[in-house]
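# Fold the following for me, if possible:
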Amino acid sequence: MKQTVFIAIMTAAIAAGQGTPVPKFNGPIPVTADSYPFMDAAHSLVPFDLAKYGYVEQEFIVSGNANVYDWAADGSLTVKTEKAPYAARILVRRPATASKFSGAVVLEPLGAVRRFDWAIMYGYLNEHMMERGDAWVGITMPAATDGLKKFNPTRYASLSFANPNPGVACPGAKGGPSPMEEGLRFDLISQVGALLKAAPAGSPFAGFRVEGIYMTSQFPDVVTYLDAIHSHARLANGKPVIDGYLLRNPGAPSRLSNCGAATARNDPRSIVAKVDVPVIEVVAQGEVPDSIAQRRPDSDDADNRFRRYEVAGASHIDRWAYDRGFPTFADQTASGGTAQGTPEFPLNAKCDPPFTFSTDTRLKYVYDSTLANLDKWARKGKPAPRASLIEVKDGAVVLDQAGNGIGGVRSPWVDVPAATYFTGSTPAACREFGHTVAFDKARMDSLYGSEKNYQTKFDKSVDELVKAGWYTESDGKKMKAEAARR
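Model (predicted):
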């Protein structure tokens, strides 16, 4: 079945008033002292009180039937296995009242790189979302499901991504057939989106009007979904289930099923697809050299609304990805996952030079404004601003006199520098973690003459960048306050 045939079938289903099915749901699941959601706010690495922000947190079990797909090199999508049952958990954080809801939902397939749920983008975006009245929904992926069952066998007893072909091993596989089919996760994502928009009685958004769903993650699930599934995931009215994408350092798509093949580095499918909703990818300076092959031009075309933002002076990751996006170390251990390091530095490696885990906001604030601009583009038709790319020569980022990258999305920290922002450290295990070397007093005096002059220049840079749409007004005020505390 070629892609055109698949699309014809989907078009017929939409015309018949079908589209992506709404899954069944059970919840909210009761919370007690002995039974609470894995990765809930009260048991985050840095606990926080959602009620203080006027938010509630709820956990639901969603269940339904999902297809497993094959994705050919020519881009055609075929159904490998039809309507296999699944049951998954979603964690919902939303305003307590509909009047405080912005209409936007950030949908995050949770990372499972350590075999437990990791809400990396919630860690960055949570304050901004709560200021705006946005909601957030995290979806546990198959690879983290066994961890939930170990964490609380009773609470999560019903979860299942059982392999619909348990007696069939993948060609060349060692150890026999897998008991789990990871390919079920893609229809799961679509169906959760359909549930959020349908908002039936008793569901997470009953009485709320969901107007935009924006999917985000660092991990390959979102890119894979966007490239292979998005164009086929439609509501009964023909509109897309997902209304926009915020991609964090997007890599190549992953395989579509247990037995599927991953895309090769030079595969055309490794470039983020052109789709009918806005897509903005954010790449930190430290990630640029390894992602040059994935660059593609910005566009305002209706079927290719696209931006690529490369953030000068930013490293791949920092503390924001962990504090509110990570469960406590005790809960990590209870899940059987790969707990590393300490709460202060969640990595086993020793970095050279030693440094305090970065709390820099250069990347965080760009994510905030990117989400706001993505929402305006999707719901109001206002195109997001364009940025130049970071300059690269002979595979390395070109640096200015302060040692920071030239070009890209700017910030007052690189335009009015008081430090050099190294976007990696050694040894290799630390290459994703940046560190900062502040200018000494003599250099600051030679550049600015006084602290007052530095603050004046910094504040002026903030005002210009906020006016241009690169940062929100709220974050602009925070930037100025951070500089004043320097």
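# so how far is residue 32 from the nearest residue to residue 419 once chain neighbours are set aside?
Of all residues not flanking residue 419 in the chain, residue 438 sits nearest, at 4.5 Å (Cβ to Cβ, 6 or more residues apart in numbering). Any C-beta I mention is one placed from the backbone N, CA and C, and that applies to glycine too. As for residue 438, its distance to residue 32 is 48 Å (criterion: Cβ to Cβ, to the nearest Å).
# Which residue of these two possesses the greater neighbour count?
residue 438 (12 against 7; other Cβ atoms under 10 Å).
# Got the phi and psi for the more buried one?
phi -70, psi 150 (degrees, to the nearest 10).
# ok, and the helix or strand in the protein with the lowest average confidence?
helix 3-15 (a mean of 43; mean pLDDT, DSSP states H and E).
# what does the helix or strand following it rub up against?
Per DSSP states H and E, the first helix or strand lying C-terminal to helix 3-15 is strand 24-26. Contacts of strand 24-26 with the rest of the structure, by Cβ atoms under 8 Å, 6 or more residues apart in numbering, involve 60, 61, 62, 63, 64, 158, 195, 202, 203, 204.
# Can you select the buried ones among these for me in PyMOL?
Typed into PyMOL, the line below selects the buried ones among those, using 16 or more other Cβ atoms under 10 Å:
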select buried, resi 60+61+62+63+64+195+203+204
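# the helices in this structure, which residues?
In the chain, helices defined by DSSP state H lie at 3-15, 120-132, 142-151, 185-198, 220-224, 288-291, 329-334, 362-380, 412-415, 441-448, 451-467, 473-484, listed in chain order.
# Mind giving me the packing neighbours of the fifth one?
If contacts are counted by 3 or more Cβ pairs under 8 Å, 6 or more residues apart in numbering; DSSP states H and E, helix 220-224 sits against helix 185-198, strand 244-248.
# pLDDT averaged over the shortest one - what is it?
Per-region confidence: strand 244-248 scores 97 on mean pLDDT.
# Could you do stretch 221-239 as well?
95.
# could you dump that stretch to PDB, C-alpha only?
Extracted in PDB, the C-alpha atoms of stretch 221-239 (Å, rounded to 0.1, in the frame of the first residue of the first chain):
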ATOM      1  CA  ASP A 221       9.500  10.400  19.200                       C
ATOM      2  CA  VAL A 222       8.400  13.900  18.100                       C
ATOM      3  CA  VAL A 223      10.500  14.100  14.900                       C
ATOM      4  CA  THR A 224       9.400  10.600  14.000                       C
ATOM      5  CA  TYR A 225       5.800  11.500  14.500                       C
ATOM      6  CA  LEU A 226       6.100  14.700  12.600                       C
ATOM      7  CA  ASP A 227       7.800  13.100   9.600                       C
ATOM      8  CA  ALA A 228       5.900   9.900   9.300                       C
ATOM      9  CA  ILE A 229       2.500  10.300  11.100                       C
ATOM     10  CA  HIS A 230       1.400  13.900  11.200                       C
ATOM     11  CA  SER A 231       0.000  14.100   7.700                       C
ATOM     12  CA  HIS A 232      -2.200  11.100   8.400                       C
ATOM     13  CA  ALA A 233      -3.400  12.100  11.900                       C
ATOM     14  CA  ARG A 234      -6.600  14.000  11.300                       C
ATOM     15  CA  LEU A 235      -9.700  14.800  13.300                       C
ATOM     16  CA  ALA A 236     -13.100  14.100  11.900                       C
ATOM     17  CA  ASN A 237     -13.300  17.600  10.600                       C
ATOM     18  CA  GLY A 238     -10.100  17.100   8.600                       C
ATOM     19  CA  LYS A 239      -8.000  19.300  10.700                       C
END
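# For residue 148, see how far away the residue nearest in space to the middle of the chain is.
Central residue of the chain (Cα atoms, centre = their mean): residue 217, 2.0 Å from the mean position. As defined by Cβ to Cβ, residue 217 lies at a distance of 18 Å from residue 148.
# correct me, but residue 321 touches residue 120?
Yes: using Cβ atoms under 8 Å, residue 321 is in contact with residue 120, at 4.7 Å.
# Can I get the helices and strands packed on helix 220-224 in CSV including distance to residue 344?
Output for the helices and strands packed on helix 220-224, formatted as CSV (distance: least, Cβ to Cβ, whole Å):
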stretch, distance to residue 344
helix 185-198, 33
strand 244-248, 23
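# quick one, strands of the stretch 301-450 of the chain?
With DSSP state E, counting those that start in this stretch, the ranges of strands along the stretch 301-450 of the chain come out as 304-311, 392-393, 396-397, 419-422, 435-438.
# most neighbours per residue, which of the ones you listed?
By mean neighbour count, with neighbours taken as mean count of other Cβ atoms under 10 Å, strand 304-311 ranks first of these at a mean of 23.
# counting contacts, what elements does the biggest strand by length in the chain pack onto?
Taking DSSP state E as the criterion, the chain has its longest strand at strand 77-95. On a contact count with 3+ Cβ pairs under 8 Å, 6+ apart, strand 77-95 meets helix 3-15, strand 55-71, strand 135-139, helix 185-198.
# Which positions in it come out as buried?
77, 80-81, 84, 86-95.
# which one of these sits closest to residue 331?
The shortest gap between residue 331 and any of those belongs to residue 91, at 13.3 Å (Cβ to Cβ).
# Show residues contacting stretch 479-486.
By Cβ under 8 Å, 6+ apart, the residues outside stretch 479-486 that reach it are 361, 365, 411, 412, 418, 454, 455, 458, 459, 462, 471.
# I meant to write stretch 367-383 there.
Stretch 367-383 has contacts (Cβ under 8 Å, 6+ apart) with 102-104, 106, 121, 124-125, 128-129, 132, 134, 211-212, 214, 216, 243-246, 248, 277-278, 280, 282, 300, 305, 309, 384-385, 469-472, 475.
# Just the buried subset of those, please.
The neighbour-count test (16+ other Cβ under 10 Å) applied to these identifies 102-104, 106, 121, 124-125, 128-129, 132, 134, 212, 214, 216, 243-246, 248, 277-278, 280, 282, 305, 309, 384, 470-472, 475 as buried.
# Same list, the helices and strands packed on strand 77-95, but as CSV with distance to residue 426 please.
Shown next, in CSV, are those (distance: least, Cβ to Cβ, whole Å):
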stretch, distance to residue 426
helix 3-15, 46
strand 55-71, 38
strand 135-139, 33
helix 185-198, 36
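# do you know which of those lies nearest residue 165?
Nearest to residue 165 among the helices and strands packed on strand 77-95 is strand 55-71; the distance by Cβ to Cβ comes to 8.5 Å.
# Send me that closest one as CSV with only the CA atoms.
C-alpha atoms of strand 55-71 as CSV (Å, rounded to 0.1, in the frame of the first residue of the first chain):
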residue,chain,number,x,y,z
TYR,A,55,-3.0,24.7,38.8
VAL,A,56,-4.1,21.1,39.3
GLU,A,57,-2.3,17.9,38.5
GLN,A,58,-4.2,14.7,37.5
GLU,A,59,-3.2,11.3,36.2
PHE,A,60,-5.3,9.3,33.8
ILE,A,61,-5.0,5.9,32.2
VAL,A,62,-5.9,6.0,28.5
SER,A,63,-6.6,2.8,26.4
GLY,A,64,-7.6,1.9,22.9
ASN,A,65,-6.4,0.2,19.8
ALA,A,66,-3.3,1.3,17.8
ASN,A,67,-1.8,0.4,14.5
VAL,A,68,1.8,-0.6,14.0
TYR,A,69,3.3,1.0,10.9
ASP,A,70,6.0,0.4,8.3
TRP,A,71,7.8,3.4,6.8
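# Now that strand: buried residues?
Quick answer for strand 55-71 (16+ other Cβ under 10 Å): 55-64, 66-71.
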